[in-house]
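Participant: output the structure for:
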Amino acid sequence: MTEVRPTAAAPASLWERDEEVAAIAQAVDTLCADRSSSGSLLVCRGEAGRGKTALLAETRRIAEARGCTVWSPRGGETLRSVPFNVVRQLLQPALVSMLPEEARDYLGDWYDIAGPALGIAEPGDRQADPQGVCDGLVAAVSRLARREWPLVLLVDDVHWADQETLRWLAALAQRLDEIPVLLVIARRPDDVAGDGARHLQEAEAAGRPFAPLSALTPEATAGLTRATVGAHADGAFCREVWAVTDGNPYDTVELLAKVRDSEMEPVEARAAELRALNRSARGGGVVARLEQLGMDATRFAWAVAVLGTGVTVDMVARMATLDHDAAVRCAELLAADRILTAPGPDAGRPAGDDLEFVHPLIASAVYESIPGALRTAMHGIAAQLVTDFGLGAAAASRHLLEVHPEDDQDVVRQLREAAREHLAVGAPDAARRCLERALEEPPLPETHAQVLYELGCATLLTAPATTIGHLRTALSMPGLDGDERVDAVFRLSQALLHNDQMEEAVRTVEAEAARNPDPSARLRLQAVQYMWEGIHAGETASPGRSARLAELAATCTGRNNAERALLILRGFDAMTHGENAEEVVELCDRALVNGRLAPGLGWTDTEWGLELPMMLASAYAYCDRLDRAETLFTEALRAYETAGWSGGHLALAHAYVGLGHRRRGRLREAEESLRASLRIAERVGRGLPLYWSAICNLIDTLLARGHVEEARSLADRYGFAPPYPSTIVLPDPRTVRGRLLLATGRTKEGVNELEAAEKAAAARGRHNPVVVPWATDLARALAAEDPGRAAHLASDARRQAERFGTDTAIGEALRCAAALETGPRAVRLAAQAVTYLEASPCQYEHAAARVEYGIAARSKAELDRGLALARSCGSDGLVAKAREALANLAD
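Facilitator: Residues are numbered from 1 along each chain as shown. Predicted structure coming up:
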């Protein structure tokens, strides 16, 4: 606060807000100065009635005076359960004003992803990814900001915004550097909890918060009183106005309006009447004012309070059982008494037919004044009304959540349908609320298990521990049979996996497979069991697992997806165990249909999940079939981007695209993809397997590039250290960490880590020297201290490489052997390594072999070739090594 009086053009409610108004004006000027300017966020905080809404109205006035487009949604106390409510208010009008094809062209690929959440497109058949929808909404703002520039977004009562909007708000705030928009939000303090509070904190951290709005001083209250009711208002009267309202700007403005309307003389003798007059302006006084307007007006206001959003006179008339003319009269009476308003430009809102309360305090007072039993009944009526108006089950569900359980199966049906609609637009939390309420109704015994199953599917990614309980209960009840039961068991095993209960996931599927009499269902369950065992990174492998899997896969021809899954699993298992690569590829090829993933086994198909295609592509990648692997990795990335799956699935896709680049020797491209993966993985949550895939591959790539200090810093920052995840990570994190420790001079720790990798690989039977290359790294580390053991390790690595049979594996083993030798034998082994790695698709390894051969043979020609390859790969470390060797030759 800097001045007692506001500017001449400002409304009364802006007294002592000059500092905030100046900051707003500066932000608007900055936005308008340059179309390419970055955006900004202003945060207005204060208790109820402190003038937040007035500041937003002033922002609108300033912005419109400068030619800005202004959009202004608002949160609602009773609307927090409505997903995308606030962001839909914000963006839907602009998009609906376009022709459908124009909107589709304008939003491009984001139309089908974000359109359903905004109510401008029909949802697809599958569950939408919440993160993808959020990203789509941010993209929509980005495109609209350039179309409507200069664009100002005002979000009032953001503390009452739905969780989906708050998530979008946090994401938008992080992108404001690249989006030319001014965003101003107003909120009360300490009125948000849970994930919503976290999202709001993330948004505010990217903005500029004003100091919390304070109450008016006695001097400002006196000035405002005299400006409103006359300069003759005496000091005692003004002091009583301040005492009655506690300096609350909204209460002060409302009280002075009452003083003016009642023609009260503003003198000390009348000051005692102010308290009674103030009570009539809000809270219980609003209820008394309603009663004075008559029962029809009261019922009308109650109906508006219950309906909450998208309220028209016709809807309220139906709800309050009034004819149209009577409803119009009620609206006019309530507007005249400053209770309701039809939104328009003068109210600081876009023009339209919707009704709303003048202030949230009045809305809350009216809603709370409705007798409890009647309010519950009115929500039931509102649910039917919303349905009759064709607004859908999701819109009706907000009201159904408020009615008492009455064993009404139609309510169960509507809530299940609403949950499906919520999932289709990317609102799993809203779906969860609907299904939890449906269980309270309760459903009939024959459908109870199905509702639990649907609830488990809805919470799978957001609350795996809760999902486990729902699905276990569902499976213990009658009602889940055939494919639905098998799918429930699969979902339960997925939830156990996400909850880091890998062994329990395997036991669950194994037990169901043993008791299921259907051969096709049993085959699918067996495939799932082997899949979880295949990605398990535990201390020991199930005895005889690989042999049983090989025996089962030998009977498979690939005639259905269960058989194809088993072929993929057998190929991946054989690859990790270091069996012949040609046989691995033959198994993987048999799992394809015309060289492509079979329908139902694709990247976005939910029946099997993403693990199978990832295993297939990884097997190709480590068998030197990088063309096939990279095709699959690229398909994954494209599929997830097209479907709007921009959470964990997209993070893994970027990680595996990076793995493909790393194997190919395109280290710069690998680093770029892996950093993109890590950014998304950070957003999803640290500690998950996808997070380990990103960080492990990125550190491996940085080491290959010679950026050792950067790799060390990254490892420290992201906790790249034991304990390791219970699922397999490629490449092996113990080996990568051991290599990092050796590169940073922590030799003893590096040796210990590589020996731990040796034990873990032996326990699981994973002897592929390319997937888990601990032996070659350990041999080099021990060369000086224990040359006998180093030679033994190198010999064993070569034997395993020849068993696997790829050029990369054999070439890498020969590189290690050469590093342990001197003289002509070292030259001969290095030359052999070059021969194999030149035929390999892995160009970084080829470059390293060329440089090492050039050093051993003291060959400038080989060093020059190695230098060129190192530059092409993007390995600064190899470039420096080759240059140093060339310099030594020149000397």
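Participant: so residue 319 sits against residue 382, correct?
Facilitator: Yes: look at residue 319 against residue 382 with C-beta atoms under 8 Å: they come within range, at 6.4 Å. Where you see a C-beta, it was placed from the backbone N, CA and C, and this is true even at glycine.
Participant: what do the two both touch?
Facilitator: Shared contacts of residue 319 and residue 382 (C-beta atoms under 8 Å, 6 or more residues apart in numbering): 303, 306-307.
Participant: which of the residues you listed sits closest to residue 371?
Facilitator: Distance to residue 371, by C-beta to C-beta, is smallest for residue 306 among those, at 12.2 Å.
Participant: that closest one in helix, strand or coil?
Facilitator: Put simply, residue 306 is helix when judged by DSSP: H, G, I helix; E, B strand; the rest coil.
Participant: residues in contact with it?
Facilitator: Taking C-beta under 8 Å, 6+ apart, we find residue 306 in contact with 78, 319, 367, 370, 375, 378-379, 382, 399.
Participant: which pLDDT value does the model give it?
Facilitator: On the pLDDT scale, residue 306 is placed at 94.
Participant: what does residue 300 give?
Facilitator: On pLDDT, residue 300 comes in at 95.
Participant: quick one: it from residue 399, how far?
Facilitator: Note on residue 300: its distance to residue 399, by C-beta to C-beta, to the nearest Å, is 18 Å.
Participant: counting neighbours, what do you get for residue 293?
Facilitator: By other C-beta atoms under 10 Å, 17 other residues sit near residue 293.
Participant: who's more crowded, residue 300 and residue 399?
Facilitator: Using other C-beta under 10 Å as the criterion, residue 300 and residue 399 rank with residue 300 on top: 30 against 24.
Participant: can you tell me the helix or strand for the more buried one?
Facilitator: Assigned by DSSP states H and E, residue 300 belongs to helix 295-307.
Participant: the next helix or strand after that helix: which residues count as buried?
Facilitator: Downstream of helix 295-307, the first helix or strand assigned by DSSP H and E is helix 313-320. Of the residues in helix 313-320, 313, 315-320 count as buried by neighbour count, 16 or more other C-beta atoms under 10 Å.
Participant: which parts of stretch 775-791 are buried?
Facilitator: Buried residues in stretch 775-791, defined by neighbour count with 16+ other C-beta under 10 Å: 775-783, 790-791.
Participant: mind checking which of those residues are in helices?
Facilitator: Among the buried residues of stretch 775-791, DSSP state H puts 775-782, 790-791 in helices.
Participant: quick one: the helices in the stretch 501-650 of the chain?
Facilitator: Using DSSP state H, counting those that start in this stretch, the helices assigned to the stretch 501-650 of the chain run over residues 502-515, 519-535, 545-554, 561-576, 581-590, 611-622, 626-643, 648-664.
Participant: mean neighbour count, distance to residue 694 and mean pLDDT added to those, as a markdown table?
Facilitator: A markdown table is the format used below for these (neighbours: other C-beta atoms under 10 Å; distance: least, C-beta to C-beta, whole Å; pLDDT from 0 to 100):
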| stretch | mean neighbour count | distance to residue 694 | mean pLDDT |
| --- | --- | --- | --- |
| helix 502-515 | 18 | 20 | 91 |
| helix 519-535 | 22 | 16 | 89 |
| helix 545-554 | 16 | 29 | 92 |
| helix 561-576 | 26 | 20 | 95 |
| helix 581-590 | 20 | 25 | 97 |
| helix 611-622 | 25 | 14 | 96 |
| helix 626-643 | 19 | 14 | 93 |
| helix 648-664 | 26 | 5 | 94 |
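Participant: how about JSON lines for these, with distance to residue 880 added?
Facilitator: Shown next, in JSON lines, are those (distance: least, C-beta to C-beta, whole Å):
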{"stretch": "helix 502-515", "distance to residue 880": "43"}
{"stretch": "helix 519-535", "distance to residue 880": "38"}
{"stretch": "helix 545-554", "distance to residue 880": "43"}
{"stretch": "helix 561-576", "distance to residue 880": "34"}
{"stretch": "helix 581-590", "distance to residue 880": "33"}
{"stretch": "helix 611-622", "distance to residue 880": "28"}
{"stretch": "helix 626-643", "distance to residue 880": "27"}
{"stretch": "helix 648-664", "distance to residue 880": "20"}
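Participant: against residue 495, how distant is residue 456?
Facilitator: Distance from residue 456 to residue 495, counting by C-beta to C-beta: 7 Å.
Participant: okay, and which of the contacts of residue 306 map to helices?
Facilitator: 319, 367, 375, 378-379, 382, 399.
Participant: pull out the buried members of those residues.
Facilitator: By neighbour count, with 16+ other C-beta under 10 Å, those hold 319, 367, 375, 378-379, 382, 399 as buried.
Participant: contacts only, for the spatially closest residue to residue 818 that is not a sequence neighbour.
Facilitator: Leaving aside its sequence neighbours, residue 818 sits nearest to residue 829 (C-beta to C-beta, 6 or more residues apart in numbering; 3.7 Å). Residue 829 is in contact with 814, 817-818, 821, counting by C-beta under 8 Å, 6+ apart.
Participant: which ones among these map onto helices?
Facilitator: Mapping the contacts of residue 829 onto helices (DSSP H) picks out 814, 817-818.
Participant: could these go into a markdown table alongside distance to residue 460 and neighbour count?
Facilitator: Shown next, in a markdown table, are the ones in helices among the contacts of residue 829 (distance: C-beta to C-beta, whole Å; neighbours: other C-beta atoms under 10 Å):
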| residue | distance to residue 460 | neighbour count |
| --- | --- | --- |
| 814 | 47 | 25 |
| 817 | 49 | 22 |
| 818 | 51 | 24 |
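Participant: will you turn these into CSV that also has distance to residue 355 and pLDDT?
Facilitator: Shown next, in CSV, are the ones in helices among the contacts of residue 829 (distance: C-beta to C-beta, whole Å; pLDDT from 0 to 100):
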residue, distance to residue 355, pLDDT
814, 80, 98
817, 83, 97
818, 82, 97
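Participant: what about the residue nearest to residue 475 when sequence neighbours are not counted, how many neighbours?
Facilitator: Spatial nearest neighbour of residue 475, chain neighbours left out: residue 488 (5.8 Å); criterion: C-beta to C-beta, 6+ apart. Using other C-beta under 10 Å, residue 488 has 24 neighbouring residues.
Participant: does residue 488 count as helix, strand or coil?
Facilitator: Three-state call for residue 488 (three-state DSSP): helix.
Participant: check contacts around it.
Facilitator: Shown in contact with residue 488 (C-beta under 8 Å, 6+ apart): 453, 456, 471, 474-475, 480.
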